[in-house]
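Got a sequence here, can you model it:
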Amino acid sequence: MFSSLVYQFSTDRCSSCGYCKQKSSSRSHGMIAHMLSVNDYQDLIDRGWRRSGTYCYKPIMAETCCPSYTIRCDAENIKLSKSQKKILNKFNKFLNHEQPQDSIEDDCANESPSKSQSNLPKLAKNEMKKDTSSTDINEAHTSDSIKTGNEESRTGTKKGIGADPNRAPCKKAKLIRLEKKQAKIKSKDTAKVESGSIKSQNYEKQFEDYLTELPEDIRNRLQIKLVRTAPPSNEWKATETVSHQLYQRYQMVIHGDSAQKCNKAQFEHFLVTSPLKAETRNSVDFGSFHQQYWLDGNLIAVGVIDILPKCVSSVYFFYDPSYGNLSLGTYGAIREIGFTRQLQQKCADIKYYYMGFYIHSCPKMRYKGNYSPSYLLCPETFEWFPLKDCVGKLDREKYARLNPNLDAIDTNEFKENQVNELVVFYPPTSICLDYSRLKSMVSRYELQDDMCEVNMIQYGKLIGKECSRRIVMYFT
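Numbers count the residues shown, from 1 in each chain. Below you'll find the predicted structure:
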């Protein structure tokens, strides 16, 4: 039984490039997917395909102006960078109604020398001005008064004799403030250890700690809801209007689109309609979803994702521009990586977070490489290689074979002699049949001579041997 159906395959499509802005320089293959199983789509994206709504496309890497390499992050072994940790901490402070401070003040910092010395006799103040040491003048004066008794009243105040050698030197206010701050931090860490919130003072924060370190009532100000969009769930139907309004506001403010360009029909075509069939296995729901970020009951961001057998694939992310200072794009990616890690607890094969395409020739699109460790898909052998090992090659040339083994081949390659095994659906027959049977039933004129077979061979090579056995081509 076949579970995937595609049609209107095009061998070559030229369009203007959204990255370098050249006209008719972006080249890709494309096809419309009527329906796709999540397994088939997983195999397609592992051969460089990507979807936008129901349209699936694959860049012609050696010819297009800005080669687009499929990139994925190893969510299981993610290492947050310093800047990513700062973004998480900043968002947590926002949830906790905290304002970032440049410095920490304590009681001692507000105490001025003139205030602490206001009760000293006038003569003692004059002596203090002469003494440039760190002696505690107030204490020295008091000790001297005890020794002289009534004699001081007859002869006047006795000249200072210097610091008491039995007392420790006084500390400067700056040092006192530092010690108080360190003691405060130490007491907090000790309290956390005693309460069991951390294992020890040397405990290194784990990925989830950055997402759960706030008290539950504060964390709950932000609710992230997973809503199935295809087929449309009741939750989606109830929030469709507010989601579109948020998308329209984002596109108009961030990308400068007109209201008509991001109308509801365009929104649904781009980010709601999906060819992926809904499935549930091992308590995991597969297919197309929106992750909605609700802050105090208001929708502030949406992550459009596909949940597939080996990964969470990011399709798009949009947010309320009013919260732009919170770096919600990065925050959303980190939360989606966290969601991938949660799914792995139920399904061990879900290990990766796919971020779409990495475009090294466009500096603005290199940000996807900030999530470590990340891997790029070789466009010739369709194997994965660490991004850090590929950067040097991509610095030298826009298009590169990423596999350093020149003898390596595509193990899922479709051969020309396998064209007759391709499965097609021909409407007049109302059945699925292989391409060889179709040729025996239809005249050469209807097949447009040999040109049709050339296109079918190219189609088989692009989707790979395994998918060619499972995906049905709607033959028109």
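
what sits against Val272?
By CB atoms under 8 Å, 6 or more residues apart in numbering, the contact set of Val272 is Gly53, Thr229, Ala230, Pro232, Glu240. In this view, the C-beta of every residue, glycine as well, is placed from N, C-alpha and C.

Please repeat the previous calculation with a cut-off of 10 Å.
Residues in contact with Val272 (CB atoms under 10 Å, 6 or more residues apart in numbering) are 53, 229-230, 232, 236, 240, 243-244, 247, 264, 288, 290, 304.

now do Ala259
Gln248, Arg249, Gln251, Met252.

SS state for it?
coil (DSSP: H, G, I helix; E, B strand; the rest coil).

pLDDT score for it?
Ala259 carries a pLDDT value of 95.

any idea how far it lies from Glu240?
For Ala259, the distance to Glu240 (CB to CB, to the nearest Å) stands at 17 Å.

what do you get for Lys439?
Distance from Lys439 to Glu240, counting by CB to CB: 46 Å.

now the contacts of Ala259 as a markdown table including secondary structure, distance to Thr429 and neighbour count?
Formatted as a markdown table, the contacts of Ala259 follow (DSSP: H, G, I helix; E, B strand; the rest coil; distance: CB to CB, whole Å; neighbours: other CB atoms under 10 Å):
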| residue | secondary structure | distance to Thr429 | neighbour count |
| --- | --- | --- | --- |
| Gln248 | helix | 45 | 20 |
| Arg249 | helix | 49 | 17 |
| Gln251 | helix | 44 | 19 |
| Met252 | helix | 49 | 15 |
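
what residue is smack in the middle of this protein?
Ala333 (1.9 Å; CA atoms, centre = their mean).

residues in contact with it?
Neighbouring residues of Ala333 by CB under 10 Å, 6+ apart: 73, 84, 87, 303, 314, 317, 327, 353, 355, 367-368, 370-371.

For Gly464, which non-adjacent residue is spatially closest?
Spatial nearest neighbour of Gly464, chain neighbours left out: Asn412 (4.3 Å); criterion: CB to CB, 6 or more residues apart in numbering.

I'd assumed Arg47 was in contact with the one you found.
Yes: the pair Asn412 and Arg47 qualifies as a contact (CB atoms under 10 Å) at a distance of 7.5 Å.

quick one: common contacting residues for these two?
In contact with both Asn412 and Arg47: Phe382, Ile463, Gly464, Glu466, Cys467, using CB under 10 Å, 6+ apart.

low-confidence ranges in the stretch 151-300 of the chain?
Filtered on pLDDT under 70, the stretch 151-300 of the chain yields the residue ranges 151-168, 188-203.

can you pull out the strands in it?
Taking DSSP state E, counting those that start in this stretch to define them, one finds strands in the stretch 151-300 of the chain at 222-230, 279-281, 284-295, 298-308.

mind listing what the third one pairs with, with the direction of each?
The sheet places strand 284-295 alongside strand 222-230 (antiparallel), strand 279-281 (antiparallel), strand 298-308 (antiparallel), with pairing taken from DSSP bridges.

in it, what counts as buried?
Residues Val284, Phe286, Gly287, Ser288, Phe289, His290, Gln291, Gln292, Tyr293 are the ones in strand 284-295 that count as buried (16 or more other CB atoms under 10 Å).

The last one too?
By neighbour count, and taking 16+ other CB under 10 Å as the criterion, the buried residues in strand 298-308 are Leu299, Ile300, Ala301, Val302, Gly303, Val304, Ile305, Asp306, Ile307, Leu308.

and it, C-alpha only, in PDB?
Only the C-alpha atoms of strand 298-308 are listed here, as PDB (Å, rounded to 0.1, in the frame of the first residue of the first chain):
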ATOM      1  CA  ASN A 298      -1.300  36.600  25.000                       C
ATOM      2  CA  LEU A 299       0.200  34.900  21.900                       C
ATOM      3  CA  ILE A 300       3.700  36.400  21.400                       C
ATOM      4  CA  ALA A 301       5.400  33.800  19.200                       C
ATOM      5  CA  VAL A 302       4.800  30.700  17.000                       C
ATOM      6  CA  GLY A 303       7.200  28.000  15.900                       C
ATOM      7  CA  VAL A 304       6.100  26.100  12.800                       C
ATOM      8  CA  ILE A 305       7.500  22.600  13.000                       C
ATOM      9  CA  ASP A 306       7.300  19.100  11.600                       C
ATOM     10  CA  ILE A 307       7.800  16.100  13.900                       C
ATOM     11  CA  LEU A 308       9.500  13.300  11.900                       C
END
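
Please consider this matter closed, and thank you.
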